[in-house]
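# Take a look and give me a structure for this.
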Amino acid sequence: MLTQTTTRVLEPGDLDAALAILEREPVENAFVTSRVQVAGLDPWRLGGEMWGYYADGALRSLCYAGANLVPVCAGPDAVRAFADRARRTGRRCSSIVGPAEATGLLWRLLEPSWGPAREVRAHQPLMVTEQPSADVRPDPLVRRIRKDEMDLIMPACVAMFTEEVGVSPLAGDGGLLYQARVAELVGSGRSFARVEDGKVVFKAEIGAATPSACQIQGVWVAPEFRGRGHSETGMAAVVDFALRDVAPVVSLYVNDYNTAARAAYRRVGFREVGAFMSVLF
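Here you go, the predicted structure:
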């Protein structure tokens, strides 16, 4: 029996159906869900389009197409349909990121027309915890960054981004979009740091937050303070904040080659439950 399939850009009236898809995997989908819960499906507010894949008239999968291209609950048929649409529209994103299996297939289909990528990170373990750390004492000096401390936190954020991604977030528009994103996290109380003598020693943010799960990002220790355990005690503190104030599940994903970070997160109480993949342009 033939299955009728199609893709289309979702509209505000499709919000409930889209949220039902996102709720299938609350941890994997935390980034996209957090955007949709705040902005809905209007492309201007969402910062991109939400593509829907339909089979026999029912919405089955999503793909967020903004600064990132993110497949959501997408099996092979949906991924092929999204790849066809992405080829037609051309590359507008700076990365493809999402669950490793779907993202891997999406990249294999797009690479002939979109490649080469600047970097492919094929296996990034997805880690979660639902409990405060049993083995690492939270750093009592880690605190929320205040709105009047943007000048303090921005250099650390820029250093982290440049070190992690390989390019400066100040390139292109002079950093206006990146500064706005940092300001958004600070303003919502989701930026944390340990500060000594006016210098950021450790910092991290809760980048995506939903009632079901949140995602820590931007973990960074100043180079001269590395090797002293700040990443562990700092993360234990941020996990405490997240569990108390944000969501019952805390997640993050990390490069597989960063064995030191993976070990530190395990000591804090995180366990690996899956894998992401990132393609950087």
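
# ok, the most centrally placed residue in the chain - contacts?
The residue lying closest to the centre of the chain (Cα atoms, centre = their mean) is F31, at 5.2 Å. Counting by Cβ atoms under 8 Å, 6 or more residues apart in numbering, F31 touches 70, 207-208, 215. For every residue, glycine as well, the C-beta is placed using N, CA and C.

# quick one: which two of those are the most distant?
With distances taken as Cβ to Cβ, the most widely separated pair in the contacts of F31 is V70 and G207, at 13.5 Å.

# Which one of those two is surrounded by more residues?
V70 (28 against 19; other Cβ atoms under 10 Å).

# Does the more buried one touch Y64 like I think?
Yes - with contact defined as Cβ atoms under 8 Å, V70 and Y64 form a contacting pair (4.2 Å).

# Between those two, which contacts overlap?
Both V70 and Y64 are in contact with V32, where contact means Cβ under 8 Å, 6+ apart.

# Do you have the strands of this structure handy? List them.
5-9, 49-55, 58-65, 68-72, 95-99, 119-129, 143-144, 191-196, 199-209, 214-221, 250-253, 271-280 (DSSP state E).

# Distance to P26 and mean pLDDT added to these, as CSV?
Shown next, in CSV, are these (distance: least, Cβ to Cβ, whole Å; pLDDT from 0 to 100):
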stretch, distance to P26, mean pLDDT
strand 5-9, 24, 94
strand 49-55, 17, 97
strand 58-65, 14, 97
strand 68-72, 12, 98
strand 95-99, 13, 98
strand 119-129, 10, 97
strand 143-144, 24, 98
strand 191-196, 22, 98
strand 199-209, 11, 97
strand 214-221, 10, 97
strand 250-253, 9, 98
strand 271-280, 12, 98
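
# CSV for those, including distance to L185?
As requested, the strands of the chain are arranged in CSV below (distance: least, Cβ to Cβ, whole Å):
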stretch, distance to L185
strand 5-9, 28
strand 49-55, 23
strand 58-65, 19
strand 68-72, 17
strand 95-99, 18
strand 119-129, 20
strand 143-144, 10
strand 191-196, 5
strand 199-209, 5
strand 214-221, 8
strand 250-253, 15
strand 271-280, 20
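
# Which one, of those, ends up nearest to D151?
Judged by Cβ to Cβ, the one of these that comes nearest to D151 is strand 199-209, at 11.1 Å.

# And that closest one, what's buried?
For strand 199-209, burial by neighbour count (16 or more other Cβ atoms under 10 Å) applies to 200-209.

# Save the residues you listed as JSON lines, and put in distance to D151 too.
Formatted as JSON lines, the buried residues of strand 199-209 follow (distance: Cβ to Cβ, whole Å):
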{"residue": "V200", "distance to D151": "11"}
{"residue": "V201", "distance to D151": "17"}
{"residue": "F202", "distance to D151": "18"}
{"residue": "K203", "distance to D151": "14"}
{"residue": "A204", "distance to D151": "19"}
{"residue": "E205", "distance to D151": "17"}
{"residue": "I206", "distance to D151": "21"}
{"residue": "G207", "distance to D151": "21"}
{"residue": "A208", "distance to D151": "25"}
{"residue": "A209", "distance to D151": "25"}
